[in-house]
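Peer 1: Here's my sequence, what's the structure:
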Amino acid sequence: MRLALAEADAAAPAGDVPVGAVVLGPDGSVLARAHNEREATGDPTAHAEVLALRRAAAATGEWRLTGCTLVVTLEPCVMCAGALVQSRVERVVFGALDEKAGATGSLWDLVRDRRLNHRPEVVQGVLGEECAEQLTAFFRTR
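Peer 2: Below is the predicted model of the structure:
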């Protein structure tokens with residue numbers, strides 16, 4: 001999570017919400033890291049999670065990220081939760097809850113919907129207060 005927090009710091013200078021994500025391989029090695037780049041790129045899908053999943057897939061040469069873990073500072077939204085399911089990651093670990101748009105347990109729980117063919121393990125609240133404070137500090141300046 002500390003790597004994801006450091007990655008989130010890179011988002012703020014471009015005016016992006018400071019969310020960072022890291023994809024770990026089955027052996028725990030870092031396959032990819034990313035931060036929000038919507039403002040920087042003008043791409044509405046440039047969430048940290050989606051970018052990290054794309055980069056991990058490129059690094060492995062596989063779209064199936066079986067055995068991998070996505071670590072992210074903020075609970076994934078519906079789009080990102082869908083990408084998690086589609087990429088077949090084994091687990092998602094997140095810090096701060098997103099009570100307005102979270103789709104991994106707070107507002108919705110898309111990734112654990114029994115109707116889907118893949119349901120990753122979810123671990124929430126890892127360094128949650130620190131992740132939430134990073135976001136609060138960003139929005140305080142807005």
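Peer 1: which residue ranges form the strands in the protein?
Peer 2: For the chain, the strands defined by DSSP state E occupy 20-24, 30-35, 69-74, 91-96, 121-124.
Peer 1: And the ones you listed: which comes nearest Arg115?
Peer 2: strand 121-124 (16.5 Å; C-beta to C-beta). Glycine gets a C-beta too; all of them are placed from N, C-alpha and C.
Peer 1: Give me the sheet partners of the closest one and which way each runs.
Peer 2: Each strand paired with strand 121-124, and its direction, by DSSP bridges: strand 91-96 (parallel).
Peer 1: Tell me how far the partner strand lies from the chain's centre.
Peer 2: Centroid displacement of strand 91-96 relative to its chain, using C-alpha atoms, centre = their mean, to the nearest Å, is 7 Å.
Peer 1: what does that strand contact?
Peer 2: Residues external to strand 91-96 that are found in contact with it (C-beta atoms under 8 Å, 6 or more residues apart in numbering): 1, 4-5, 69-76, 84, 104, 111, 120-128, 130-132, 135.
Peer 1: Any of the residues you listed buried? List them.
Peer 2: Among the contacts of strand 91-96, those buried by neighbour count (16 or more other C-beta atoms under 10 Å) are 1, 4-5, 69-76, 84, 104, 111, 120, 122, 124, 126-128, 131-132, 135.
Peer 1: No further queries at this time; thank you.
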